[in-house]
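**Q** Next come a sequence and a model predicted from it.
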Amino acid sequence: MPYLLDSSVFITAKRVHYGFDFCPGFWDWLIEQHRAGMVYSIDRVYQELKAQQDDLTQWIEGLPAEFFIAPDVQTPGYFRTVSDWARNQDYEPAAIATFLQTADYYLVAQALQNRYTVVTYEVPGGSKKRIKIPDASFGVGVNCILPHELLRREQAKFVWQGRAGSD
């Protein structure tokens, strides 16, 4: 089953776990997995990442356009399913309004539409003040996993290579 990546996957990977300078294999792996039809994101995530204006922005601009999926004519029905779910929960009205304006909402709807698994660093929450991606995903029947689960499922390997001339 293909995967849809949340912006947190890119941002946290760059800042913490898989910096471009010390783990280029992660970024190469994402490209290869996309070529294999397994890893995508959505155009709203692209817009969030582009706003960062940093080396991550440069990297995403080098990706094929089809890496970031846009809504199509069938997507509104899936938006409705996700928004109905959100409105029928016990979230505060401001949480619902905010969620329906974010890339998270689009991510869950497009994952539902295409039967993709969502990948995010977010974890389910108990707050009524914010709708989190895993809660919305699970609420509408979309699988949602953490990035390390994706790497294990797809058997990613980032192998260390010592500096030339070091013993």
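**A** Structure's in. What do you need?
**Q** From now on I want contacts and neighbour counts done on CA atoms only, so please keep to that.
**A** Noted.
**Q** Do you have the strands of this structure handy? List them.
**A** 3-5, 39-42, 68-69, 117-119, 144-145 (DSSP state E).
**Q** Among the ones you listed, which comes closest to K157?
**A** Closest to K157 of those is strand 39-42 (C-alpha to C-alpha; 16.1 Å).
**Q** Return the distance of that closest one from the chain's centre.
**A** Distance of strand 39-42 from its chain centroid, counting by C-alpha atoms, centre = their mean, to the nearest Å, is 7 Å.
**Q** residues in contact with it?
**A** Strand 39-42 is contacted from outside by 2-6, 30, 33-34, 66-70, 106-107, 110, using C-alpha atoms under 8 Å, 6 or more residues apart in numbering.
**Q** Quick one: buried ones out of these?
**A** 2-6, 33-34, 67-69, 106-107, 110 (16 or more other C-alpha atoms under 10 Å).
**Q** Just flag the most distant two among the residues you listed.
**A** Most distant of the buried ones among the contacts of strand 39-42, by C-alpha to C-alpha, are Q33 and Y106, 21.8 Å apart.
**Q** From Q58, how far out is the residue nearest to A13 when sequence neighbours are not counted?
**A** Nearest residue to A13 in three dimensions, chain neighbours excluded: G19, at 6.4 Å (C-alpha to C-alpha, 6 or more residues apart in numbering). Relative to Q58, G19 is positioned 14 Å away (criterion: C-alpha to C-alpha, to the nearest Å).
**Q** More neighbours: which of these two?
**A** G19 (18 against 13; other C-alpha atoms under 10 Å).
**Q** Do I have it right that that one meets V9?
**A** No: counting by C-alpha atoms under 8 Å, G19 does not reach V9; the two are 12.0 Å apart.
**Q** Now do the contacts for D43.
**A** D43 neighbours (C-alpha under 8 Å, 6+ apart): F68, I69, A70.
**Q** Y91 - how many residues pack around it?
**A** So Y91, with other C-alpha under 10 Å, has 17 neighbours.
**Q** and the closest residue to it other than its chain neighbours, what are its phi and psi?
**A** Counting by C-alpha to C-alpha, 6+ apart, K128 is the residue found nearest to Y91 once chain neighbours are left out, at 4.4 Å. According to degrees, to the nearest 10, the main-chain angles of K128 amount to phi -90, psi 0.
**Q** picking up where we left off before, most widely separated two among the contacts of strand 39-42?
**A** Of all pairs in the contacts of strand 39-42, the most separated under C-alpha to C-alpha is Q33 and Y106 at 21.8 Å.
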